[in-house]
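Asker: Give me coordinates for this.
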Amino acid sequence: MKPRSSNVKSSAKAAAEQVVKDIRRQTRRHFSAEDKIRIVLEGLRGDDRPDGGGLSGQIQGLLGRLR
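Answerer: Prediction:
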């Protein structure tokens with residue numbers, strides 16, 4: 001059986017971790033749909049596939065229709 005003080009420490013640690021998770025969840029950045037598309041396009045541009053990126057052209061075509 002573990003000493004009682006270690007149980008108190010572990011529950012205090014768990015509570016502290018939960019507080020940190022809650023704060024991170026509440027302060028998480030919210031990206032607009034346009035920002036999300038931009039982020040994806042930047043990621044695809046960095047892709048070194050021989051076919052030229054594949055989905056990048058398709059997404060850019062969709063963006064052209066939205067404008």
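
Asker: among the helices and strands of the protein, which one scores worst on average pLDDT?
Answerer: Lowest on mean pLDDT, DSSP states H and E among the helices and strands of the chain sits helix 55-66, with a mean of 67.

Asker: domains for this protein, by residue range?
Answerer: As assigned by automatic domain parsing, the chain contains the domains 1-30, 31-67.

Asker: Quickly note the distance from H30 to K36.
Answerer: To K36, H30 is 10 Å away according to C-beta to C-beta, to the nearest Å. Backbone N, C-alpha and C define where each C-beta goes, glycine included.

Asker: For the two, work out which one has more neighbours and name it.
Answerer: When H30 is set against K36 and neighbours are counted by other C-beta atoms under 10 Å, the residue ahead is K36, at 10 against 5.

Asker: can you pull the buried residues of the helix or strand hosting the more buried one?
Answerer: Counting by DSSP states H and E, the element that carries K36 is helix 33-45. Within helix 33-45, the residues scored as buried using 16 or more other C-beta atoms under 10 Å are I37, L41, L44.

Asker: now those in JSON lines, with distance to D22 and pLDDT?
Answerer: Below are the buried residues of helix 33-45 laid out as JSON lines (distance: C-beta to C-beta, whole Å; pLDDT from 0 to 100):
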{"residue": "I37", "distance to D22": "30", "pLDDT": "92"}
{"residue": "L41", "distance to D22": "33", "pLDDT": "90"}
{"residue": "L44", "distance to D22": "34", "pLDDT": "86"}
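
Asker: and those residues as JSON lines, adding distance to R25?
Answerer: As requested, those are exported to JSON lines (distance: C-beta to C-beta, whole Å):
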{"residue": "I37", "distance to R25": "24"}
{"residue": "L41", "distance to R25": "27"}
{"residue": "L44", "distance to R25": "28"}
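
Asker: which strands and helices sit next to the helix holding K36?
Answerer: helix 55-66 (3 or more C-beta pairs under 8 Å, 6 or more residues apart in numbering; DSSP states H and E).
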